[in-house]
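A.B. asks: would you be able to build a 3D model of this:
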Amino acid sequence: MSAGTPPQSATAPDTDGEPPGLLLTHARRYNAMVAVLFGGRRSALDAWLVRAAGVRPGDRVLDVGCGPGRLVRRLARAAGPSGAVVGADPSGPMLDHARRHAARLPTASFHRAPAQDLGLPDASFDVVTSTFVLHHVPPGARAAALGEMCRVLRPGGRLLLVDAYPTGALGPRVARLMSRVSRHRSGRHHSARQPREHSGHSEHSGHSRLSGGSDGSGYSGHPVDPFADTDVRAHVPTLRTLGLTDLYTADRPPWTRCLRAVKPDGKR
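C.D. replies: Coordinates of the predicted model:
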């Protein structure tokens, strides 16, 4: 690809206006929380996600909301020495941690930016991934974030969105854990009742090719973070509006769901 890799000392975004959403800043606490939530299976999940994204040697890959960078390192190994992987995140402390742990991977670099304002060149990546991120983005900014991911994808490029769908007693527990390792950038007052996203589908395991979808909305009683109510299938209408095709979902126990889509290359 002709676009260059952004420098590791990329300028921090201006977050004095619109906040990027729920900002995670403590990498060690975040990693500890992940270990608890996934029961020690996060490494296997990361390997599965790399396969689901279809990363090939030589690919340029962007991981949006990379956090401490563990998936970036996996992606860099899959893309090989002829590829390049960029991790984007609005949190400076997270990126500092990510850079330290990726120091031996010359094809991995990091860029400070929120999902809804990436500041990267058009059509510059073969693959864009975003894992467990969109529930942190303000509901009103999620369409903009998806638009940015689509914009930076080259024609024929692949998008992989991943999030969780915890239900029952697990939801409030997750919300409490998230509140301990995160802080809001905004000084605005937040209602205890957060906007909710859902797809109108019943929960299931397995995978399916999507032929349609809905974007119903409602409200959740969980404070701080609507994590427990986010289903990546709720983004299907937006992705279709953006022109993405070949939408496909797959579930990975215990509560991970991915949505894969392709940006048309105009050759069909």
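A.B. asks: can you give me the neighbour number for Thr238?
C.D. replies: Neighbour count of Thr238, defined by other C-beta atoms under 10 Å: 18. In this view, the C-beta of every residue, glycine as well, is placed from N, C-alpha and C.
A.B. asks: that one and Ala143 touch, don't they?
C.D. replies: Yes: counting by C-beta atoms under 8 Å, Ala143 is a contact partner of Thr238 at 5.2 Å.
A.B. asks: now do Ser9, the pLDDT please.
C.D. replies: Confidence at Ser9, expressed as pLDDT, is 30.
A.B. asks: whoops, Leu49 was the one
C.D. replies: So, for Leu49, pLDDT stands at 91.
A.B. asks: which element, helix or strand, includes it?
C.D. replies: Secondary structure from DSSP states H and E places Leu49 in helix 42-53.
A.B. asks: repeat that for Pro93.
C.D. replies: Element membership for Pro93 (DSSP H and E) is helix 92-101.
A.B. asks: list the buried residues in that helix.
C.D. replies: 94-95, 97-99, 101 (16 or more other C-beta atoms under 10 Å).
A.B. asks: now tabulate those residues in TSV and tack on distance to Thr249.
C.D. replies: Formatted as TSV, the buried residues of helix 92-101 follow (distance: C-beta to C-beta, whole Å):
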residue	distance to Thr249
Met94	28
Leu95	30
His97	31
Ala98	28
Arg99	33
His101	31
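A.B. asks: got these as a markdown table, with distance to Asp59 and pLDDT columns?
C.D. replies: Shown next, in a markdown table, are the buried residues of helix 92-101 (distance: C-beta to C-beta, whole Å; pLDDT from 0 to 100):
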| residue | distance to Asp59 | pLDDT |
| --- | --- | --- |
| Met94 | 23 | 87 |
| Leu95 | 22 | 95 |
| His97 | 24 | 90 |
| Ala98 | 19 | 93 |
| Arg99 | 21 | 96 |
| His101 | 21 | 92 |
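A.B. asks: closest to Pro138 among the residues you listed?
C.D. replies: Pro138 has its nearest neighbour among the buried residues of helix 92-101 in Met94, at 18.5 Å by C-beta to C-beta.
A.B. asks: hang on, that closest one packs against Pro68?
C.D. replies: Yes: with contact defined as C-beta under 8 Å, Met94 and Pro68 form a contacting pair (5.7 Å).
A.B. asks: sec struct for His136, please.
C.D. replies: In three-state terms, and counting by DSSP: H, G, I helix; E, B strand; the rest coil, His136 is coil.
A.B. asks: that one: neighbouring residues, count only.
C.D. replies: By other C-beta under 10 Å, the residues close to His136 number 24.
A.B. asks: cool, the one 10 residues further on as well?
C.D. replies: By the other C-beta under 10 Å criterion, the neighbourhood of Leu146 contains 25 residues.
A.B. asks: roughly how far does it sit from Cys66?
C.D. replies: 17 Å (C-beta to C-beta, to the nearest Å).
A.B. asks: quick check: buried residues in stretch 125-141?
C.D. replies: Neighbour counts over stretch 125-141 (16+ other C-beta under 10 Å) mark 125-139, 141 as buried.
A.B. asks: sweet, I'm off.
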